[in-house]
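Enquirer: below is the sequence, then the predicted model.
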Amino acid sequence: MAKKLNGTVIVTYRCNARCSMCNRYKAPSRPEEELTVETIRKLPKMNFVNVTGGEPFIRQDLEDIIRELYTKTDRVVISTNGFFTDRILDLCDKFPKLGIRISIEGLEETNNAIRGLPDGFNRGYTTLKKLVEKHHPDVGFGMTVQDRNAQDLVALYKISDEMGMEFATASLHNSFYFVESKNIIHDRPAVAKHFEDLVNELLRSNSPKKWFRAYFNHGLINYIYGQPRLLPCDMSVDTFFIDPYGDVMPCNGTKDKEVMGNLKDTDWDTLWNSDQANAVRARVKHCGRECWMIGSASPAMKKYIWVPAWWVLVHKAKSLFTKHPYSMYENKIVRDYRDGKVTKEELDACSTCDFSCQIDNGLSEKSKEQLESRSGEEIVAEDLAGQMKEEN
Ligand code: SF4
Ligand code: SF4
């Protein structure tokens, strides 16, 4: 039997937010070019599908897409900025098992400064609260931890815990997908300290799922210090991304878009087994970007389960004797930096941050053309104004 894959479907590059760590809102796709249900129908059976954007709820036909995806998998999770409360609640009414992850970048002031959405925190938080009130079963927060919001990390985790929600973390990455190359953590020890506090909170819980989350966050400390991943990256072998144009890619972390093939032009098996796909796999095998995002870390944690399982066992044993079973100084690089054996400049050089990099945003020529006369923000604002008029 063929191995089931994990897929991420980027349904649009349009976005209504203005996040400080992602410029995708400046580089939207044209709605006429975006993935159709017919193309989605060509996807294989999957273990799990993450639906993301841009902002997925900008698509008014999202319901059709989700319905089609449920013929391929039992588990669909949408990542959203949470702005379109009514659209989210409506969709959850139609698909009671649908997972929803809302990005919240900190407590109110911090979130609104980072995300740049009018009243963004209250919109996102209200959406979350309404979903919880409706007893929607699979709801959670996602937070991209950086210098500006690390101080809110544990507080947000506690809010999510009290509301009985999942809490997913990430840190800054650079890639064509984020249309960004300048993201970097400046004060690594300060940010790592907040991750350390979160790891200890998670280890103190009674939930095995949270203990493994603790390992993931331990991996984020390793990542922000620019070290090799704790586990191999097998993207493009058991995991794929598909973008709004139908381009199938290994992941969303590469500097430029890596295309294994276009699903509009062919069928899945031909694409997945093509020379072009194998050439991408060969490059991914030697990829030095060392990302640690849940999309690539979670399949690796399942595949090499004994590594995180051993780490969890050791730290749970420690937690019998101390309230702080984890220390960020378990990581040699964190000790070396504290002890002056490695400089900030040397660590910066290990990151993917590149101030002189020309980013190719991965847009089609037609989508790029529309940016010649108007900005991405103007295009999406006009698009949304049209949608609101239609709905009223
Ligand atoms: S991070 Fe997400 S919500 Fe923010 S601008 Fe990028 S695509 Fe939009
Ligand atoms: S490390 Fe993995 S997820 Fe990151 S860019 Fe390379 S292949 Fe993609």
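Expert: Received, thanks. Ligands and ions are numbered 1, 2, ... in the order given.
Enquirer: quick one: His173 and Ile294 touch, right?
Expert: No: with contact defined as CB atoms under 8 Å, His173 does not count as touching Ile294 (11.4 Å). Bear in mind the C-beta positions are built from the backbone N, C-alpha and C, glycine included.
Enquirer: looking at these two, which is more packed in?
Expert: Just comparing His173 and Ile294: by other CB atoms under 10 Å the higher neighbour count belongs to His173, 22 against 17.
Enquirer: in stretch 298-307, what's buried?
Expert: Ser298, Pro299, Ala300, Met301 (16 or more other CB atoms under 10 Å).
Enquirer: again, but for stretch 161-180
Expert: Going by 16+ other CB under 10 Å, stretch 161-180 has these buried residues: 161, 163, 165-180.
Enquirer: check stretch 96-110 too.
Expert: Buried residues in stretch 96-110 (16+ other CB under 10 Å): Leu98, Gly99, Ile100, Arg101, Ile102, Ser103, Ile104, Glu105, Gly106, Leu107, Thr110.
Enquirer: also stretch 263-276?
Expert: Across stretch 263-276, burial judged by 16+ other CB under 10 Å covers Leu263, Trp268, Leu271, Trp272.
Enquirer: can you tell me how far the second one sits from Gly53?
Expert: What that stands for is Trp268. Distance of Trp268 to Gly53, computed by CB to CB, to the nearest Å: 22 Å.
Enquirer: then Asn278?
Expert: Look at Asn278 and Gly53: by CB to CB, they are 29 Å apart.
Enquirer: same check, this time on Pro244
Expert: For Pro244, the distance to Gly53 - CB to CB - is 8 Å.
Enquirer: what does the stretch 151-300 of the chain put close to ligand 1?
Expert: Taking CB under 6 Å from any ligand atom, no part of the stretch 151-300 of the chain reaches ligand 1.
Enquirer: quick one: the helices in the stretch 151-300 of the chain?
Expert: Assigned by DSSP state H, counting those that start in this stretch, the helices in the stretch 151-300 of the chain fall at 153-162, 188-204, 208-224, 268-272, 275-285, 294-303.
Enquirer: so can I have JSON lines of the ones you listed showing mean pLDDT and distance to ligand 2?
Expert: Formatted as JSON lines, the helices of the stretch 151-300 of the chain follow (pLDDT from 0 to 100; distance: least, CB to the nearest ligand atom, whole Å):
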{"stretch": "helix 153-162", "mean pLDDT": "94", "distance to ligand 2": "23"}
{"stretch": "helix 188-204", "mean pLDDT": "97", "distance to ligand 2": "19"}
{"stretch": "helix 208-224", "mean pLDDT": "97", "distance to ligand 2": "10"}
{"stretch": "helix 268-272", "mean pLDDT": "98", "distance to ligand 2": "16"}
{"stretch": "helix 275-285", "mean pLDDT": "96", "distance to ligand 2": "4"}
{"stretch": "helix 294-303", "mean pLDDT": "92", "distance to ligand 2": "4"}
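Enquirer: indicate which one of those helices is closest to Gln146.
Expert: Taking CB to CB, helix 188-204 is the member of those nearest to Gln146, at 7.3 Å.
Enquirer: and the closest one, how far out from the chain's middle?
Expert: Centre-to-centre, helix 188-204 and its host chain are 20 Å apart (CA atoms, centre = their mean, to the nearest Å).
Enquirer: what's it in contact with?
Expert: When contacts are defined by CB atoms under 8 Å, 6 or more residues apart in numbering, helix 188-204 is touched by residues 145-147, 150-151, 153-154, 157-158, 169, 171, 185, 210-211, 213-214, 217-218, 220-221, 224-225, 315-316, 319, 323-328, 334, 337-338, 344, 347.
Enquirer: so where's the chain uncertain?
Expert: Along the chain, the parts satisfying pLDDT under 70 run over 1-2.
Enquirer: flag every residue of it that's near ligand 2.
Expert: With CB under 6 Å from any ligand atom as the criterion, the chain meets ligand 2 at residues Cys233, Met235, Pro250, Cys251, Gly253, Thr254, Val284, Cys287, Arg289, Glu290, Cys291, Ser296.
Enquirer: among those residues, who's most crowded?
Expert: Met235 (28 neighbours).
Enquirer: distance of that residue from Phe121?
Expert: From Met235 over to Phe121 (counting by CB to CB), the distance is 32 Å.
Enquirer: report the contact partners of the closest residue to His315 other than its chain neighbours.
Expert: Nearest non-adjacent residue to His315, counting by CB to CB, 6 or more residues apart in numbering: Pro325, 4.7 Å away. If you count contacts by CB under 8 Å, 6+ apart, Pro325 has them with Asn200, Leu203, His315, Lys316, Lys318, Ser319.
Enquirer: show the buried residues in these.
Expert: Buried among these by 16+ other CB under 10 Å: Asn200, Leu203, His315, Ser319.
Enquirer: for whichever strand or helix holds the third one, packing partners?
Expert: Under the criterion DSSP states H and E, the helix or strand holding His315 is helix 306-318. Using 3 or more CB pairs under 8 Å, 6 or more residues apart in numbering; DSSP states H and E, the elements in contact with helix 306-318 are helix 208-224.
Enquirer: residues contacting the helix it packs on, please?
Expert: 145, 167, 169-172, 185, 188, 191-192, 195-196, 198-200, 202-203, 205, 229-231, 290-292, 294, 297-298, 301, 308, 311-312, 315-316, 326, 328, 330-331, 333-334.
Enquirer: coming back round to it: joint contacts of Pro244 and Gly53?
Expert: In contact with both Pro244 and Gly53: Ile10, Val11, Thr12, Tyr13, using CB under 8 Å, 6+ apart.
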